[in-house]
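K.L.:
Sequence plus predicted model, see below.
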Amino acid sequence: MTANVQKVDDKKPVRFSVAIKDEKYQQLINETLGDKELARQFVADISSVVGNNYKLQSCDARTILTAGLVACSMKLPLAPTLGFAYVVPYDGKAQFQIGWKGLVQLAQRSGQFKRLGVRDVHDGEWVGQDEFGEDLFKFDHKFDDKPIIGYYAYFELTNGFKKSVYWTKEQCEKHGSKYSKAHSGKNRGGEFDNWTSMFDIMAEKTVMKQLLSKYAPLSTELQKAIVYDQAIVGMDGTPNYVDNEPEIKPSGQINNVADAVATDK
């Protein structure tokens, strides 16, 4: 498998419309996924994603495929409308991005969570802090038409441990500017940026990611999602954070593309 990766991984960018029909890349996908039906479905899914995003169509196909394979390895659907995982164009390459629904899905699979969720906080729902500095809320649908002022994520484990995190909208805006050059206007290619097009969803994902990465037990899949989030994945499985330095430093990597699905076979 490694030899096949090296054979197709030259330095010249490859267009997706060409690569997806190329026998070498078809073989790479089949060998990586290890199942012809799964490979056919992957090709159909990633082709649909690229076909609906003209910026991705000009990105290096290898980064599109590796980003898609990372999502596939975690059994997360690629359709952007579902919100589990995204393949995002950036300066001629494609990033893998996890969605908050993807984080919740991976956490649920571990069987360690009794309750887990994230929600917008509207003006009037935040009521202060207790003596330990924990944020307090009075959630009520009568505030639904009020402006969103923050984002709240929480979980309770089956062993009784509970934790929640609240970030103001301003904190999320600063975070987006720091960890997304597109959001801060520094993206040379002017590509699609989730922080600009769907701010609330990205803010919810950020708060959920902070909560889980700092306080929750992390399954292998959750660790992988956190390591590869906002990374351009090399053909050798190395995450490359060209956008900005990762908010959470990676503790490992997928050794090669085949290893992306090794734990799921």
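P.N.:
On my side now, so go ahead.
K.L.:
Check the protein for me, the residue farthest from its geometric middle.
P.N.:
Relative to the centre of the chain, and counting by Cα atoms, centre = their mean, the farthest-placed residue is Glu131 at 35.1 Å.
K.L.:
And that residue, which helix or strand is it part of?
P.N.:
If you go by DSSP states H and E, Glu131 is not part of any helix or strand.
K.L.:
Now it: phi and psi?
P.N.:
When read as degrees, to the nearest 10, the backbone of Glu131 gives phi -70, psi -10.
K.L.:
How about Val227?
P.N.:
Main-chain dihedrals, Val227, degrees, to the nearest 10: phi -60, psi -40.
K.L.:
next one: the one 3 residues further on
P.N.:
Backbone torsions for Gln230, taken as degrees, to the nearest 10, come to phi 60, psi 30.
K.L.:
Same check on the one 3 residues further on?
P.N.:
Taking degrees, to the nearest 10, you get phi -100, psi 120 for the backbone angles of Val233.
K.L.:
going forward, begin numbering at 411 instead of 1
P.N.:
Yep, numbering from 411; the last one is Val643 now.
K.L.:
Just give me the neighbour total for Met608.
P.N.:
16 (other Cβ atoms under 10 Å). C-beta: built from backbone N, CA, C; applies to glycine.
K.L.:
per-residue confidence at it?
P.N.:
For Met608, the pLDDT comes out at 83.
K.L.:
likewise Phe549?
P.N.:
Value listed for Phe549 in the pLDDT field: 91.
K.L.:
and the closest residue to it other than its chain neighbours, how far is that from Gly527?
P.N.:
Excluding its sequence neighbours, the residue lying closest to Phe549 (Cβ to Cβ, 6 or more residues apart in numbering) is Glu535, at 5.6 Å. Per Cβ to Cβ, to the nearest Å, Glu535 is found 15 Å from Gly527.
K.L.:
neighbour count winner among these two?
P.N.:
Glu535 (21 against 15).
K.L.:
Please name the residues that touch the more buried one.
P.N.:
Phe547, Lys548, Phe549, Asp550, Phe553 (Cβ atoms under 8 Å, 6 or more residues apart in numbering).
K.L.:
Can you report phi and psi for Phe565?
P.N.:
According to degrees, to the nearest 10, Phe565 has phi -150, psi 160.
K.L.:
Beta-bridge partners for it, please?
P.N.:
Beta bridges link Phe565 to Leu526, Lys573, judged by DSSP bridges.
K.L.:
residues contacting Phe452?
P.N.:
Here Phe452 is in contact with Ile439, Leu443, Gly478, Leu479, Cys482 (criterion: Cβ under 8 Å, 6+ apart).
K.L.:
could those go into TSV alongside neighbour count and distance to Ala626?
P.N.:
As requested, the contacts of Phe452 are arranged in TSV below (neighbours: other Cβ atoms under 10 Å; distance: Cβ to Cβ, whole Å):
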residue	neighbour count	distance to Ala626
Ile439	22	33
Leu443	24	29
Gly478	24	26
Leu479	23	25
Cys482	25	24
